[in-house]
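> Turn this into a model:
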Amino acid sequence: MPKTLKELLKKVSKEDLIAYLEQYTEFDKDLYRGLLTRFSRPVDGEVVEMQEDIAQLITSHTYRDFISERNCDEICYGLQEYVQMAHNRIDQKRYMVAYAMGLHLLKTCMVLASEADSSSGCLGETTGEVLELLERCCQMVANYGTTQEKETVFNQGLALAEDKVFDGWGGTNYELLEFLCPLLTIENAPQLETLLERMAPRFEWSAKSDEPLVRLAMKQQLEGEAAAQAYLLSRLDIEAFRTKAYEKAFAQKDYAFAVKLCREVTHKDGQQSYHWNRVWWERLLAVYEATKDVEGQKQWAMENLACGNFTAYELLKNLHQADGTWEDVYPDLLETWAKTLNTSTYMQILKEEQAWSRLLPLVVERADSAILEYGPVLGRYAPEVVHPLMGDKIRSICKTADNRGQYRYVCQLIDTLIDCGGKGEAKKVIVDLRCTYPRRRALQEELGRVEKKV
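From the prediction side, this is the model:
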């Protein structure tokens, strides 16, 4: 009786082992994929050459077991050349060569994500290009590949999706699984279902956010458009699902539903918000622009101003000027904004409209935080009020300044005071600073420069 598996396998004939494995892998697809991934040879010498070149590229850009940001970028440029080569292979209908290249490139990107300084963003762009390549390749195989090619692409993709290189980078592997869905059949669907269940505990966060996208693609492939749409609309709490629903509604010109999808986010719980929902505000405006809904755009602008988005002011003014109503609505709008907008946004509008009489008391009330921003434009309107406030602020800033760079900033502020008509106040500030800080030689030198202007 053999004591080890190795001894046993030596006694089994090659033909018997092949027959057994063929029979066993009929129902154990995990074993089948494992054998396929472990022992299948590259489909083309180009793939072997690419793998060797990439290994050499990484080695030559690694210094003391570390890949710097610059070297990571250089590696990525090399990988991008192979992405283009793989696209060329697809054009030549050599799908399996392209797919083998794509899988190796994706695995390389994941390894670099863990081991290299990728802060420039180049690696992220490269990974995106590789994913686009794999998506195209899977679609082409689904449309034009042989049965064997479809099976190989599907199984190799499943095998890679649970590779350890994705540990800590879950999400990308779910995208790969989504690309495989056009190859899905009633027969092989349980393999993907089993894999998703196995991956869920390991990629917990991605399982919540990305797995639904895979299941949506599965429904699309196996059950059709109606079932996929029903599933999509049942999970609008998922950002990606809501985005897909919006894009489809916009493309089909179902603008009412597109508006509903946007406003459910922008006006959630009756609270308008802009910062965290900026994308949905922009999508809402896109619908109003597509439908030439001027009143909708005006409402959008008013709501965005209320959220603190000052850029909406210009849009609102342009819309009213276009239909000749700006002069009529402007006084009422100012009164409304004085009560409803946050003070910062309201002051910006007053500055744009040169409403100095309204702006001045607000600036005086908030002199410590607002005088440097609004003093230069109010200086000639109310010099007796504004110039002393600017002078006091400059003195306050100089009190905490302790290096030449900060002293230069103080002198720049004095320059600004002079430019808005405050020469007299500037003289007082310079005299006060010279007397208060006689031992700050760098400050005295910088004051000498600006003193010539007064």
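
> residues near the residue nearest to Leu177 when sequence neighbours are not counted, how many?
Closest residue to Leu177 apart from its sequence neighbours, by CB to CB, 6 or more residues apart in numbering: Val214 at 4.9 Å. C-beta: built from backbone N, CA, C; applies to glycine. Around Val214 there are 24 other residues, counting by other CB atoms under 10 Å.

> can you pull the contacts of Val214?
Residues near Val214 by CB atoms under 8 Å, 6 or more residues apart in numbering: 174, 177-178, 181, 192, 196.

> Quick check: which element contains it?
According to DSSP states H and E, Val214 maps onto helix 211-222.

> mind listing what's buried in that helix?
Residues of helix 211-222 classed as buried by neighbour count (16 or more other CB atoms under 10 Å): 211-221.

> Following element in sequence after it, please.
That would be, after helix 211-222 and using DSSP H and E, helix 225-234.

> so after that next one, what's the next helix or strand?
Counting by DSSP H and E, the next helix or strand C-terminal to helix 225-234 is helix 239-251.

> can you give me the angle whichever helix or strand comes after that following helix makes with helix 225-234?
Remark: after helix 239-251, the chain's next helix or strand is helix 255-266, criterion DSSP H and E. With axes from the mean of the first three to the mean of the last three CA atoms, to 10 degrees defining the directions, helix 255-266 sits at 30 degrees from helix 225-234.

> And for helix 255-266, what's in contact with it?
Against helix 255-266 from outside (CB under 8 Å, 6+ apart): 236, 242, 245-246, 249-250, 272-274, 277, 280-281, 283-284, 287, 290-291, 296, 303.

> what about burial for these, which qualify?
For the contacts of helix 255-266, buried by 16+ other CB under 10 Å: 236, 242, 245-246, 249-250, 273-274, 277, 280-281, 283-284, 287, 296, 303.

> Identify the residue with the minimum pLDDT among the residues you listed.
Lowest in pLDDT among the buried ones among the contacts of helix 255-266 is Ser273, which has 66.

> care to break the protein down by domain?
Split into domains by automatic domain parsing, the chain comes to 29-238, 255-357, 382-451.

> Next, the distance between the ends of the shortest one.
In this case it means domain 382-451. Domain 382-451 has an end-to-end distance of 24 Å (criterion: CA to CA, to the nearest Å).

> Measure how far it is from the centre of its chain, please.
Centroid separation between domain 382-451 and its chain, computed with CA atoms, centre = their mean, to the nearest Å, is 43 Å.

> same deal with stretch 176-184?
24 Å.

> Now the helix holding Val214: average pLDDT?
Taken as a whole, helix 211-222 has a mean pLDDT of 96.

> Report the angle between it and helix 225-234.
160 degrees.

> can I have stretch 398-405 written out in CSV, keeping just the CAs?
This file holds the C-alpha atoms of stretch 398-405, laid out as CSV (Å, rounded to 0.1, in the frame of the first residue of the first chain):
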residue,chain,number,x,y,z
CYS,A,398,2.2,91.1,11.7
LYS,A,399,2.0,90.3,15.4
THR,A,400,2.3,86.5,14.7
ALA,A,401,4.7,86.8,11.7
ASP,A,402,8.2,85.4,12.4
ASN,A,403,10.0,85.0,9.1
ARG,A,404,10.8,86.9,5.9
GLY,A,405,8.1,85.2,3.8
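
> average pLDDT for it?
94.

> how about it: buried residues?
398, 401.

> Please apply the same query to stretch 53-62.
Judged by neighbour count (16+ other CB under 10 Å), stretch 53-62 contains these buried residues: 54, 57-58, 61.

> Between which two of the residues you listed is the distance greatest?
Maximum pairwise distance in the buried residues of stretch 53-62, criterion CB to CB, is 10.9 Å, between Ile54 and His61.

> Can you name the next helix or strand after the helix or strand of the chain with the lowest mean pLDDT?
When each helix and strand of the chain is scored by mean pLDDT, DSSP states H and E, helix 29-39 comes last, with a mean of 61. Proceeding N to C from helix 29-39, the next assigned helix or strand is helix 45-60, under DSSP H and E.

> now for that next one, which elements pack on it?
Helices and strands touching helix 45-60, by 3 or more CB pairs under 8 Å, 6 or more residues apart in numbering; DSSP states H and E, are helix 69-91, helix 95-115.

> wouldn't Arg283 be in contact with Tyr246 here?
Yes: counting by CB atoms under 8 Å, Arg283 touches Tyr246, with 6.0 Å between them.

> out of the buried ones among the contacts of helix 255-266, who's nearest Asp328?
Of the buried ones among the contacts of helix 255-266, the one sitting nearest to Asp328 (CB to CB) turns out to be Gly296, at 20.0 Å.

> quick one, what contacts that closest one?
Contacts for Gly296 (CB under 8 Å, 6+ apart) come out as 259, 287-288.

> Serialize those to TSV and add fields for distance to Ile186.
Shown next, in TSV, are those (distance: CB to CB, whole Å):
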residue	distance to Ile186
Val259	39
Val287	39
Tyr288	45
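
> residue ranges with poor pLDDT in this structure?
1, 29-30, 32-44, 270-273 (pLDDT under 70).

> let's see it at 50
Along the chain, segments meeting pLDDT under 50 span 41-42.

> returning to what we had before: now the buried residues of stretch 53-62 in a markdown table, with distance to Ser357?
Formatted as a markdown table, the buried residues of stretch 53-62 follow (distance: CB to CB, whole Å):
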| residue | distance to Ser357 |
| --- | --- |
| Ile54 | 69 |
| Leu57 | 67 |
| Ile58 | 67 |
| His61 | 64 |
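
> and of those residues, the nearest to Leu389?
For these, the nearest to Leu389 is His61 (57.2 Å; CB to CB).

> Kindly provide the distance from the closest one to Lys298.
55 Å (CB to CB, to the nearest Å).

> quick one, what contacts Phe446?
Actually, residue 446 is Glu. It isn't Phe. 404, 407-408, 410-411.

> what's the closest of the residues you listed to Gly424?
Among the contacts of Glu446, and counting by CB to CB, the member closest to Gly424 is Cys411, at 17.2 Å.

> Near that closest one, how many other residues are there?
23.

> Tell me which helix or strand it sits in.
If you go by DSSP H and E, Cys411 is part of helix 404-419.
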